[in-house]
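[1] My questions are about this predicted structure, shown below with the sequence.
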2 protein chains.
Amino acid sequence: MCDLLKEEVYYIVIMNKKNKISVAIVDDKKDIRENLEILLNSSANIDCIGTFPNYHSAVNNIPDLEPDVVLMDINMPGKSGIDCIKNLKPKMLQTQFIMLTMYDDSEMVFEALTNGAAGYLLKRTTPHELLDSIVEVYNGGSPMSMEIARMVVDSFKQELRKNKIKEKLTKREWEILGHLSKGMRYKEIAEQLYISVETVRSHLRKIYEKLQVRSATEAVLKYLQK
Amino acid sequence: MCDLLKEEVYYIVIMNKKNKISVAIVDDKKDIRENLEILLNSSANIDCIGTFPNYHSAVNNIPDLEPDVVLMDINMPGKSGIDCIKNLKPKMLQTQFIMLTMYDDSEMVFEALTNGAAGYLLKRTTPHELLDSIVEVYNGGSPMSMEIARMVVDSFKQELRKNKIKEKLTKREWEILGHLSKGMRYKEIAEQLYISVETVRSHLRKIYEKLQVRSATEAVLKYLQK
DNA sequence: TCCACAATAGCACAAAAGTGTGAATTTTTT
DNA sequence: AAAAAATTCACACTTTTGTGCTATTGTGGA
């Protein structure tokens, strides 16, 4: 028992030494790098272990550092932060990446997130929130600025809606909607599928009901996702 | 008469000396540069006057050489062939550029062509075709691999079609088609635009005629291109 | 000034689409 | 095997669309 306890205490001491979250910074602007470094090191449980101004220095050095977290600026001249994360994340699956950017450009956000970024903050984030976010991401969370979170949620809802439609419509209904979306008339669809126009109308009635629309045009628009 | 004849002969000799098509090569791979050079010089009417391995050597030297034709590899590390042509073409409007690439990436193709490339060949082009293409481009043609030509033609057709629609439809018609493409009914469009349903129908009639369609769905599909 | 054309609007008729109700048959799920 | 859902079809009725023809008014160019 005594030995066990001793060992446990020793272990905890080691952990405490290592317990600072090691962070690397990638940003092309010198003043931002320096300010971030000062900010991070001002925190008791965060250790900034390296700053890098561009793609090449980042991909060449960060893998060896094995930081817990990387703060990555998106908008860098030449190879962007997106390129960095594409290169780095596959090599360091244990490292969490937080993207920093001035703008909430949706394309960027999704590219970053699908390439393995865990967090996405706008640069107007307060220092305090940034430090919190680092801890959060280290603990498996996904810190995001409100605007970003909203975008992500919206797109998620959109995906859900799309899947729900697919889920709701039967194979045949989906097929008929597909033909309708090529500009075909009921009659033509009927001929194409070797069924009567009445049947097509039956299906369309159900489709409209499920999609909450009242015309072919509206249904087609929903089909072509929007 | 005798003098005139003499002069003419002399002139022709000069022209023959100059008549070889001068070609410069830009490619990062040494073996390709050398093979191309040998190929070009094996032709009686082509003279390879320089080869360059990268962006900097190309932009620094090619303008002074004033070649008739430049063979430009697209896929070079660092600054690409696209960057080269962006830099060079404005300085040498008389020089024709042929892009060489392994892949028929549509974005590349269009960027190259809009930046002044006259020809675009895939690297699987045979030596004979390549020599022909150099002569062709020198004579004002636009040699392209079949796949490339097809892409260009397709996108061209698409542009044409879209412009044609816009060209044909009046402002009001375009507006009404826009509303229709939101899934609105005639009645709703009429209310929205403070006109009678009959007027909307009048416009739609003309629109359908111009777009060669027979239903709202078809018109909307054309409006949403594709 | 005259003409072409855009924008407006109306009437009439036919075709197509949308809606309510019901039902037979097949397939899938439970 | 029973229940549920999907597929098929039908009839009736209303609304919306598609189309042909016509007409008035305003506007910009030949």
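    Noted; the coordinates are in hand. Residues are numbered from 1 along each chain as shown, chains lettered A, B, ... in the order given.
[2] for residue A:121, helix, strand, or coil?
    Of the three states, residue A:121 takes strand according to DSSP: H, G, I helix; E, B strand; the rest coil.
[3] for residue A:49, same thing?
    Assignment for residue A:49 (three-state DSSP): strand.
[4] Can you verify residue A:87 is assigned to a helix?
    Yes: Residue A:87 sits within a helix when classified using three-state DSSP.
[5] neighbours around the residue nearest to it when sequence neighbours are not counted, how many?
    Closest residue to residue A:87 apart from its sequence neighbours, by CB to CB, 6 or more residues apart in numbering or on different chains: residue A:59 at 4.8 Å. The way it works is simple: take the backbone N, C-alpha and C, and place the C-beta from them, glycine included. Residues near residue A:59, counting by other CB atoms under 10 Å in any protein chain shown, number 18.
[6] repeat for residue A:223
    By other CB under 10 Å, the residues close to residue A:223 number 18.
[7] Report the contact partners of it.
    A:177, A:178, A:180, A:181 (CB atoms under 8 Å, 6 or more residues apart in numbering or on different chains).
[8] Checking the helix or strand encompassing the second one against DNA strand C, do any of its residues make contact.
    With elements delineated by DSSP states H and E, residue A:178 resides in helix A:171-180, which encompasses its position. No: for a cut-off given as CB under 7 Å from any atom of the strand, helix A:171-180 has no contacts with DNA strand C; the smallest distance is 7.9 Å.
[9] The helix or strand just after that helix near DNA strand C anywhere?
    Following helix A:171-180 in sequence order, the next helix or strand is helix A:186-193 (DSSP H and E). Yes: contact of helix A:186-193 with DNA strand C (CB under 7 Å from any atom of the strand) involves A:186, A:187.
[10] downstream neighbour of helix A:186-193 in the secondary structure list?
    Following helix A:186-193 in sequence, per DSSP H and E, is helix A:197-211.
[11] per-domain residue ranges of chain A.
    In terms of domains, chain A is parsed into A:11-151, A:160-224 (source: automatic domain parsing).
[12] Identify whichever of those lies nearest to residue B:169.
    Among those, domain A:160-224 comes nearest to residue B:169, with 17.8 Å by CB to CB.
[13] next one: that closest one to chain centre, how far?
    Its chain's C-alpha centre and that of domain A:160-224 lie 33 Å apart, by CA atoms, centre = their mean, to the nearest Å.
[14] Stretch A:21-38 now?
    On CA atoms, centre = their mean, the centre of stretch A:21-38 falls 23 Å from the chain's centre.
[15] ends of that stretch, how far apart?
    Start-to-end span of stretch A:21-38 (CA to CA, to the nearest Å) is 15 Å.
[16] Could you give me the buried positions within it?
    Neighbour-count burial for stretch A:21-38, counted by 16 or more other CB atoms under 10 Å in any protein chain shown, picks out A:21, A:22, A:23, A:24, A:25, A:26, A:27, A:28, A:32, A:33, A:36, A:37.
[17] mean confidence for it?
    For stretch A:21-38, mean pLDDT is 93.
[18] From residue A:50, how far out is residue A:95?
    According to CB to CB, to the nearest Å, residue A:95 and residue A:50 sit 12 Å apart.
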